[in-house]
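Trainee: What follows is a predicted protein model with its sequence.
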Amino acid sequence: MITVRKATDRGHANHGWLDTHHTFSFADYQDPAHMGFRALRVINDDTVAGGQGFGAHPHRDMEILSYVLDGALAHKDSTGTNGVIQPGDVQRMSAGTGVVHSEHNASRTEPVHFLQIWLIPNQRGVAPGYEQKTFPMAERTGRLRLVASPTGDDGSITIHSDARVHAGVIGRDQHAELALPPGRHAWVHVARGRVRVNDQELGTGDGVALTGEPVVRLDGIDGDAGEVLVFDLA
């Protein structure tokens, strides 16, 4: 079964300093029909104005990934971690027993565009933690690159969730596949551009859930290459 979630159907809020789209229920956007998919709880598509950001706030028992599309995002948390996330980077923060963090645009003038992703952990009460790695464009072009997994396979970041996250940039005449063993599900999010997913043509901000499908098939189409995240989920 394939279920498409169009970008125009997402929740949306513009706070001036923050323009955000919610694939699933979040903050003031609440839709009982879209509370997440399997362990995938949040995909927020955020654009933050120069010099602005999210002040210090707490989280518990959630795996939080940040994936920057344009600009640079400055991170600081109560574990003593400081860092800047740029395009090609994937950051994981395990909230675990509790963490306080802030995220700010690293530029005073240019916007930062990024995805904030929450995954429900498969164990509660872990020690808070942080990890960040760079996955160059060459490793993601025309293929799916594993960027997060429970065991850190293939140099991916390690997450406390039964999920394997792949990133890819699929252009015209390019093709990539991800096999789904029995009992696994997938969510594909198109961060930007256009791509065909199992014969469904999708554009920027669109998502699709796949259940009972043996494979995720990605085909490039005319126009901008499709930059995608593929979540392999229990």
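Mentor: Structure's in. What do you need? Numbers count the residues shown, from 1 in each chain.
Trainee: Which strands border the strand or helix carrying Val228, and is each parallel or antiparallel?
Mentor: In this structure, Val228 sits in strand 226-233 according to DSSP states H and E. Using DSSP bridges, strand 226-233 pairs in its sheet with strand 163-170 (antiparallel), strand 185-192 (antiparallel).
Trainee: ranking those by burial, who's on top?
Mentor: Among the strands paired with strand 226-233, ranked by average contacts under mean count of other C-beta atoms under 10 Å, first place goes to strand 163-170 (a mean of 24). Every residue, glycine included, has its C-beta placed from N, CA and C.
Trainee: Now do the following helix or strand past it: distance to the chain's middle.
Mentor: Counting by DSSP H and E, the element after strand 163-170 in chain order, helix or strand, is strand 175-179. Going by C-alpha atoms, centre = their mean, to the nearest Å, the spacing between the C-alpha centre of strand 175-179 and its chain's C-alpha centre is 18 Å.
Trainee: Same question for stretch 181-189.
Mentor: 15 Å.
Trainee: The spatially most central residue of the chain: what's it in contact with?
Mentor: Nearest to the mean C-alpha position of the chain, by C-alpha atoms, centre = their mean, lies Ile117 at 4.5 Å. Taking C-beta atoms under 8 Å, 6 or more residues apart in numbering, we find Ile117 in contact with 40, 42-44, 64-67, 165, 229.
Trainee: Please indicate which of those residues are buried?
Mentor: The neighbour count (16 or more other C-beta atoms under 10 Å) marks 40, 42-44, 64-67, 165, 229 as buried among these.
Trainee: quick one: which of those sit in strands?
Mentor: Counting by DSSP state E, the buried ones among the contacts of Ile117 place 40, 42-44, 64-67, 165, 229 in strands.
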